[in-house]
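Undergrad: Build the 3D model from these lines:
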Amino acid sequence: MNLRYRALLAAVALAIIAAPAYAQQSSTVTQADVQRLQDNVYLADRDLSQLRSRDATRATQLGTELDDLRDEVVYLKVKLRKERTLSRTEYADVRDRIEDLRSRARSDVAAAAPASTPTPAPAPSSAANSATTASRSTSAPGNTTSTPSTTTTASSVEVPVGTEIDVRLQNTLNSGTAQVEDRFEGATLADVTVDGRLAIPAGSIFRGVVTAVEPGTRTNRTSKMTVSFDQVTLNGRSYPIRGTVTQAIEGEGIRGEAGRTAAGAGVGAIIGGILGGFKGALAGILIGGGGTIAATEGKEVDLPQGSVLRVRMDSPVQIDTQTRH
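TA: Down below sits the predicted model:
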C-alpha cells in the first residue's frame, strides 16, 4: 500500500512539472497573434528603411530575409484560417526570427551611424554651418529624412533613390473594377527632408497609375494588381518620378487625418503605425516585386480610400526650392 501511494505521488509530481510546458505547446494561436506578426514585419521594414540610407547593401540582404518572413506570416495566416489551428512552436519560430532580424537591422544602423555623417560641399561658411547643423539634428517622429548621394544646390534639393515615403490614398483601388492606365492620387503624410532641408512637404500629391491587373475568377483565386507612381506635385509644380509600392498599411481613413494633413502640423507624429492613425499591415494583402499587390485569401485586391502605401523612389528627383513662398 505504501509503495502504491509513493508511486501515485511521483506520477502527480511529474504531471505538475510537465503541465506548464504542455500548456505552452498546446495554447491556442489566434488571428490576433498572427496580426501581431504582420505588424512586426511592418516595423522591421521601417528598421530597414533607416538602414538603407546608410548601408544599402546590408539593407538589401536583410530585405531578402524579410521578404521570406513576410511570406511565412501569410502562410501561417492562411493555415490558421483553413485548419483553425496552429502550432505555438511554429508561431514562436517565425516571431523570434522577425525579432532577430529587427535586432540586427537596428544594430547595423547604430554601427553605421558615425560613418553616415554627410560632409558639406564647399560653400560660404554660414550656409555650410547651417546645413551641417540641420543634417545632424534629430527629425520629428515619422518624418522621412534622406542622405543625398549627389550635390544639392542652393536653389534645389535632390531626393535620392531608395527614399521611402508614406502616401495616403485619396481613391479606392480594387482589382475587380480597376483598369490598366487608371489614374489615382495620394497625399504624403510627412515632410521629406534631405540633409536638413525640406524637399517634399506633407500634403504633397503623388499621382499613381495601374500598370497591370488580374481580377479574381473561378479558376484564378489569386487576384493581382500592379501600381506605380509617376508624378509628385507640390507648390503648384509637378515633377516626374518613378516610385514602387513596398508596403500597404490599413489607415483610419481620409476624414481621420484630413485636418492635421491640411494644417501641416502634427502629421509626423502619426507615421509608422506606432502611434495613432494606423491599424497595422493591411490584412489579406501581399506585396511582391515591382509593386505587384496580391490578395492572399481568394478575394479581390482591395485598397480602401485612406489606406497608406509606402512608396520607394526608384529614380532621383530634383526639387526646385526657389518656387516656395
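
Undergrad: where do the helices sit along the stretch 201-325 of the chain?
TA: In the stretch 201-325 of the chain, the segments counted as helices under DSSP state H, counting those that start in this stretch are 254-263.

Undergrad: What is the burial count for the nearest residue in space to L198 that is not next to it in sequence?
TA: Spatial nearest neighbour of L198, excluding adjacent residues (CB to CB, 6 or more residues apart in numbering): D191 at 5.8 Å. The C-beta positions use only the backbone N, C-alpha and C, and glycine is treated the same way. Other residues within reach of D191, judged by other CB atoms under 10 Å, total 21.

Undergrad: give me the low-pLDDT residue ranges for the stretch 151-300 of the chain?
TA: Scanning the stretch 151-300 of the chain with the threshold set as pLDDT under 70 gives 151-153, 252-281.

Undergrad: Now with 50, please.
TA: 254-277 (pLDDT under 50).

Undergrad: Ok, the stretch 1-150 of the chain next?
TA: Using pLDDT under 50, the stretch 1-150 of the chain drops low at 19, 21-26, 115-142, 148-149.

Undergrad: Would you map the strands across it?
TA: 144-146 (DSSP state E, counting those that start in this stretch).

Undergrad: Okay, helices next: where are they in it?
TA: 2-26, 31-52, 56-83, 88-112, 125-136.

Undergrad: The third one packs against which elements?
TA: When contacts are defined as 3 or more CB pairs under 8 Å, 6 or more residues apart in numbering; DSSP states H and E, helix 56-83 sits against helix 31-52, helix 88-112, strand 285-287.

Undergrad: Give the buried residues for it.
TA: Neighbour counts over helix 56-83 (16 or more other CB atoms under 10 Å) mark 58-59, 62-63, 65-67, 69-70, 72-74, 76-77, 79-80 as buried.

Undergrad: So what angle separates the directions of that helix and helix 31-52?
TA: For helix 56-83 against helix 31-52, the angle by axes from the mean of the first three to the mean of the last three CA atoms, to 10 degrees is 170 degrees.

Undergrad: Check the fourth one too.
TA: Calculated by the same axes, to 10 degrees, helix 88-112 forms an angle of 20 degrees with helix 31-52.

Undergrad: quick one: T296 from I285, how far?
TA: 7 Å (CB to CB, to the nearest Å).

Undergrad: what's the answer for K79, then?
TA: From K79 to I285 the distance is 17 Å (CB to CB).
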